[in-house]
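> here is my input, please return the structure:
(one chain, ligands or ions: 2)
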Amino acid sequence: MKSTVAVFAKISDTHKQVLEQYFNVLYVNHIDELSEEKCQEIQGVLASGGFTLGEEQLAKLPKLKAASTVSVGYDSYDIDALTNRQVILTHTPGVLDETVADTVFALMLSSARRVVELATWVRSGQWHRSLSDQYFGRDVHHKTIGIVGMGRIGMAVARRAHLGFGMPVLYHNRHPKEIAQEQFAAQLVALDELFARADFIVMLTPLTEQTYHLIGTQQFEKMKPSAVFINASRGDVVDEQALIDALEGGKIAAAGLDVFHQEPIDPDSKLLSMPQVVALPHIGSATTQTREAMAELAVNSLVDALVHKNVHHCVNPSAWSL
Ligand SMILES: NC(=O)C1=CN([C@@H]2O[C@H](COP(=O)(O)OP(=O)(O)OC[C@H]3O[C@@H](n4cnc5c(N)ncnc54)[C@H](OP(=O)(O)O)[C@@H]3O)[C@@H](O)[C@H]2O)C=CC1
Ligand SMILES: O=CC(=O)O
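Ligands and ions are numbered 1, 2, ... in the order given. The predicted structure is shown next:
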């Protein structure tokens, strides 16, 4: 008999067909849409990053064995609660690295060269003569990049920076990443040193108890006034009010942000009124190809876990009991 899975993520018909081959599939927007009876049947969940799965939701899903998120970050999933309940969580590392690195470079280039600000200026009919120096931007090539979180995506950013843009690479991790040293001459430095030396600072750590508000006033105070801050990790890795203060006070030159404390961001946020801020709606991995590859991986991991009793890309393998 087929087991039942609930799908909270938006997936294509191809991926729906794969799931339907193996499972009774319930497509839902929110867990509250499911009757108590239906919840009792659910053994698997497929959801997006940002989906909340903790004690409260687990209490409603007594038969849950596996959850699969169409994201690499899993900070909205309570791993201890899942592991205590012997529910495995799988995610989608690797397949999105190059696309997210492209987004990071889009943020670096657009905030340094004032692309959004000046494109808006052209559209509003203000381009009457050649540009005066008050609108000039800053170079990206050959400037120093500082990557906080030299993991899979950090490496893809470092490759672009080193090979494509001739940028010296600094990074900060808890552990040295020798391959980054060998391939990109990347130098491991303390967080404060990275903030003091880099012209472009790129946040790429996961959000954890350790990285919550890792960046605040103390780090922004260390930055060069000409430096640009990029966040493509999670909003809460940064104290957002401290970032606003640093931008307003001219302590840093600009920011390129794909992630925020609150998503979607409040349209009245001060960040959105600052011309030196480029704000994107959390689109790091949002290309058709990459989102398809992520969904495929997430669907296959769920099938593997529940049907073939194999576990791939699991963040809590100690929960494995299937
Ligand atoms: N904007 C977007 O759309 C996207 C955002 N993301 C975000 O990017 C994050 C990174 O993804 P990915 O590169 O695959 O993850 P990885 O696990 O490969 O890399 C994370 C890196 O962060 C470092 N790190 C972890 N904790 C700390 C800490 N306390 N201090 C300093 N460094 C730390 C790790 O090194 P070490 O263990 O040595 O400290 C590791 O090198 C995701 O978790 C997600 O939040 C991912 C995809 C898209
Ligand atoms: O933010 C996106 C992810 O994959 O994590």
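> centroid residue for this structure?
Ser233 (4.2 Å; Cα atoms, centre = their mean).
> once you drop chain neighbours, what's closest to that one?
Met203 (4.5 Å; Cβ to Cβ, 6 or more residues apart in numbering). (Each C-beta comes from the backbone N, C-alpha and C, glycine too.)
> what residues does the stretch 1-150 of the chain put near ligand 2?
49, 71-73, 96 (Cβ under 6 Å from any ligand atom).
> do the same with the stretch 201-322 of the chain
Residues of the stretch 201-322 of the chain lying near ligand 2 (Cβ under 6 Å from any ligand atom): 284-285.
> ok so, going back, measure the residue nearest to Ser233 to Tyr74 for me?
17 Å (Cβ to Cβ, to the nearest Å).
> between these two, who's got more neighbours?
Using other Cβ atoms under 10 Å, the more surrounded residue of Met203 and Tyr74 is Met203, with 25 against 22.
> state the distance from the more buried one to ligand 2.
12 Å (Cβ to the nearest ligand atom, to the nearest Å).
> isn't that residue up against Val228?
No: applying Cβ atoms under 8 Å, one finds Met203 not in contact with Val228, separated by 12.0 Å.
> ok, for Ile152, nearest residue in space, not its chain neighbours?
In this structure residue 152 is Arg, not Ile. Asp97 (4.9 Å).
> Leu170 now?
Of all residues not flanking Leu170 in the chain, Gly146 sits nearest, at 4.4 Å (Cβ to Cβ, 6+ apart).
> hmm, back to that, next up, the contacts around the residue nearest to Ser233.
Contacts for Met203 (Cβ atoms under 8 Å, 6 or more residues apart in numbering) come out as 148-149, 215, 229-233, 237-238.
> can you lay out those as a markdown table showing pLDDT and secondary structure?
Below are these laid out as a markdown table (pLDDT from 0 to 100; DSSP: H, G, I helix; E, B strand; the rest coil):
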| residue | pLDDT | secondary structure |
| --- | --- | --- |
| Val148 | 99 | strand |
| Gly149 | 98 | coil |
| Ile215 | 98 | strand |
| Phe229 | 99 | strand |
| Ile230 | 99 | strand |
| Asn231 | 99 | strand |
| Ala232 | 98 | coil |
| Ser233 | 98 | coil |
| Val237 | 98 | helix |
| Val238 | 98 | strand |
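> where's Ala47, which helix or strand?
Element membership for Ala47, per DSSP states H and E: strand 42-48.
> other residues contacting that strand?
By Cβ under 8 Å, 6+ apart, strand 42-48 touches 3-11, 19, 23, 26, 34, 53, 61, 63-71, 298-299, 302, 305-306.
> same thing but at 6 Å, please
Residues from elsewhere that reach strand 42-48 (Cβ atoms under 6 Å, 6 or more residues apart in numbering): 3-9, 61, 63-70, 302, 306.
> surely Arg113 meets Phe136?
No: the pair Arg113 / Phe136 is not scored as a contact, 9.1 Å apart, by Cβ atoms under 6 Å.
> and Leu61, what pLDDT?
For Leu61, the pLDDT comes out at 97.
> any idea how far it is from Ala293?
To Ala293, Leu61 is 28 Å away according to Cβ to Cβ.
> between these two, which one's more packed in?
Between Leu61 and Ala293, counting by other Cβ under 10 Å, Leu61 is the more crowded of the two (23 against 17).
> ok, now which ones touch that one?
39, 42.
> which parts of this protein are helices?
Assignment of helices within the chain using DSSP state H yields the ranges 13-22, 36-41, 55-60, 79-84, 97-112, 115-123, 152-159, 165, 178-184, 191-197, 217-222, 240-248, 288-306.
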